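1. the following comprises the amino acid sequence and a computationally predicted model.
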Amino acid sequence: MTAIVDYRAGNLTSVRLAFAAIGEDAAVTDDPAVIAAADRVVFPGVGAAKSAMENLKRTGLIDAVRSAALSERPFLGICLGMQILFEHSEEDGGVDTLGVFKGQVRRFPDRAGIKIPEIGWNQVREKATGKDGQMKEFYFVHSYYAEIVPETVGVSEYAGVEFTAMVKRGGLWACQFHPEKSGRVGLALLKEWLAC
């Protein structure tokens, strides 16, 4: 069973429907026991880091989410759900987050002619040791970005900043973009994650 974590900060319906479109029955839950027992865990997110961390604390989900992310089970973080896996976010004056990945989440710099948040399609370049690979386009909505870290496997660029678009560590995958809003390429990524 695939559990989609409900911590009052997610685009739950669109994520659940994306999994349904590829034949995966995913259940939305805020029950730590269900998350602990799930075969796979999806950690979506829309909104601000500080309020999301407050919601995780209030609902008693911090330990369940961190444990799931650090386990051997497949885990997928999406957008804010990826950012919260890092150590700290600058959003809302700064907040410590889950610390699953080392690194910071920073706000895009203000630049003339650049709109923040980034909303729309952007290219993600595969980052491989010693070479850079294929580019694909995914749909982004964000004002903050994660630094590039050793686990970064996909990079993108906006407002003159190269940032982490995707990280992987075994079955733990997390992406800044929204695969559930990225059409066929997004559904293909979800299928690939289900197969890991």
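-> Everything's here; your move. Since this is a predicted model, take the numbers as computed values, not measurements. Numbers count the residues shown, from 1 in each chain.

2. bridge partners for the residue nearest to M82 when sequence neighbours are not counted, pull those for me.
-> In space, and not counting its chain neighbours, M82 is closest to A174: 3.7 Å by Cβ to Cβ, 6 or more residues apart in numbering. Yep, even glycine has a C-beta here, placed from its N, CA and C like the rest. Beta-bridge pairing of A174 under DSSP bridges involves G77, V167.

3. and A174, how many neighbours?
-> 27 (other Cβ atoms under 10 Å).

4. test my guess that L98 contacts A69.
-> Yes: the pair L98 / A69 is scored as a contact, 7.0 Å apart, by Cβ atoms under 8 Å.

5. ok, and the closest non-adjacent residue to E137?
-> Per Cβ to Cβ, 6+ apart, closest to E137 is W121, 4.8 Å.

6. quick one: the nearest residue to G183 once chain neighbours are set aside from A165, how far?
-> Take G183 and drop its neighbours on the chain: the residue closest to it by Cβ to Cβ, 6+ apart is Y139, 7.9 Å away. The gap separating Y139 from A165 is 11 Å, by Cβ to Cβ, to the nearest Å.

7. hmm, back to that, quickly list what's touching both of L98 and A69.
-> Residues touching both L98 and A69 (Cβ atoms under 8 Å, 6 or more residues apart in numbering): L85.

8. helix or strand with the lowest mean pLDDT in this structure?
-> strand 131-142 (a mean of 85; mean pLDDT, DSSP states H and E).

9. which strands and helices lie in contact with that one?
-> Counting contacts by 3 or more Cβ pairs under 8 Å, 6 or more residues apart in numbering; DSSP states H and E, strand 131-142 is packed against strand 118-128, helix 183-194.

10. contacts for the very next helix or strand once past it, please.
-> Per DSSP states H and E, the first helix or strand lying C-terminal to strand 131-142 is strand 144-146. Applying Cβ under 8 Å, 6+ apart, the contact partners of strand 144-146 are 49, 82-83, 86, 89-91, 101, 103-108, 158, 161, 163-164, 167, 176.

11. let me know the secondary structure of the residue in the chain sticking out farthest from the centre.
-> What lies farthest from the middle of the chain is A112; by Cα atoms, centre = their mean that is 28.0 Å. At A112 the chain is in coil, as set by DSSP: H, G, I helix; E, B strand; the rest coil.
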